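1. kindly return the folded structure for what I paste below:
(2 chains)
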Amino acid sequence: MTNVGNMQAGVVGTAPVAARPTIQVVPLRGLPIVAAVVAFVIASIAGNWLWALTFCHVVGGGLWTAIDLFVGLIVGPILGRLSLAARAEFTARFMPKMVLLMPTLVLMTLAAGFQLALKLGNLSPDSPNHGWLVASFCVVGVMAVIALGVLEPANIAVLFEMRKPNPDGAVIAKLMRRFVMTAGITGVMQVATLIIMTRVATQ
Amino acid sequence: MSAVPAVAPESALSRRFPPVAGLTTVSLGLVVIGGILMASYAPRRPPLGVPVAITAVSAALLLVSGYLTSRLRPFDWDRFFLVFRWALLAYVISAGMIGFAFVKDHVRGAPLAVVLVMLVIFALDVPLIIAFTVARYSSPAVHAGPIPDVSQPA
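-> Next comes the predicted model:
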């Protein structure tokens, strides 16, 4: 997955593409940043450090929610209306970044959030926030299954398909439809997360 | 050389596969539900009956998926294992971090064992779904036998 495939000028299905970009499924330059973020989250949990846990949860959650909403409700529908060639070119540059960015943000948000909820007593059955937090677990659970079971595999499969000397346009179109649809669903579900989290913060 | 390169004679979409991705996604969904049940009781000790039952069904689905995948012929195994091992590394780190949080929060004994089994299933489910999805579109469009493609011995 880490080796780089240089792609020649060619076609995606039957649509001619002038020059296809080099596709790196996992951007190696981003890995040190991911490692640093993961180490910071682990240190925050190990130290039970309130500021760091809040930072990880708020920054990670804010970015996760905003990116999901933006991609699902704005980029996705635009992408769905582009020509196959334009979609392929956009995807080749966009998807590898998402492969690293989204799992890191999700991990950062959830791990720090759970620890924060325990530390602040929000998970205690006596807390008025308990029910809201369980509701947020359910929303996140549905989003996780969609993201990990459908969206991410489609994302990675598209990148591998595009690295082939003769990518199959029908496969890319099918997987991109799946990506756009599931990104839209998770985008809408993020609205529920925003409602729940603002309730938790104000009770 | 032609200006318009030839398109593959038959799309990878034309071949049907056993429902590996679907079964594994259900398995993933079950461990997520089990995890929610366990987490919603924190910091108290959760009742383990339902989470254990869910984990057992999830593990059974994962095993069935693994079996169905192992019988696929022809299949792009090189690509499958390339993706699987890197995804496994990523999700072992994720699962390890979640496990660390539970240990840090003094979850011990049977509840910790159930959580750890769920995390192992989680760390296998996601790489299997990703690797299968990638490899199925890299495999020959023509299957080696009648559908489902489990007709030939390994």
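2. assign B:Pro140 to helix, strand or coil.
-> When classified by DSSP: H, G, I helix; E, B strand; the rest coil, B:Pro140 comes out as coil.
3. isn't it right up against B:Phe17?
-> No - using C-beta atoms under 8 Å, B:Pro140 is not in contact with B:Phe17; the gap is 12.0 Å. All C-beta atoms are positioned from the backbone trio N, CA, C, and that covers glycine.
4. show the pLDDT at residue 13.
-> Defaulting to chain A. Note for A:Gly13: predicted pLDDT of 46.
5. try again with chain B
-> 75.
6. measure the residue nearest to it when sequence neighbours are not counted to A:Ala144 for me?
-> Leaving aside its chain neighbours, B:Leu13 sits nearest to A:Ala170 (5.4 Å; criterion: C-beta to C-beta, 6 or more residues apart in numbering or on different chains). For A:Ala170, the distance to A:Ala144 equals 29 Å [C-beta to C-beta, to the nearest Å].
7. what do you get for A:Asp168?
-> A:Asp168 is 29 Å from A:Ala144, by C-beta to C-beta.
8. and for A:Arg199?
-> A:Arg199 is 21 Å from A:Ala144, by C-beta to C-beta.
9. and the host helix or strand of A:Phe137, what's buried?
-> Assigning secondary structure by DSSP states H and E places A:Phe137 in helix A:130-146. Buried residues in helix A:130-146, counted by 16 or more other C-beta atoms under 10 Å in any protein chain shown: A:130, A:132-146.
10. what is the burial count for the closest residue to A:Asn48 other than its chain neighbours?
-> Spatial nearest neighbour of A:Asn48, excluding adjacent residues (C-beta to C-beta, 6+ apart): A:Lys119 at 6.1 Å. As a burial measure, A:Lys119 scores 16 neighbours (other C-beta atoms under 10 Å in any protein chain shown).
11. who's in contact with A:Lys119?
-> Contacts for A:Lys119 (C-beta atoms under 8 Å, 6 or more residues apart in numbering or on different chains) come out as A:48, A:50, A:53.
12. pLDDT score assigned to the last one?
-> Right, the one you point to is A:Leu53. Predicted confidence (pLDDT) for A:Leu53: 95.
13. chain B versus that one, what's the distance?
-> Counting by C-beta to the nearest C-beta, to the nearest Å, the gap from A:Leu53 to chain B is 11 Å.
14. residues contacting that residue?
-> A:Leu53 makes contact with A:44-45, A:112, A:115-116, A:119, according to C-beta under 8 Å, 6+ apart.
15. thanks again, I'm all set now.
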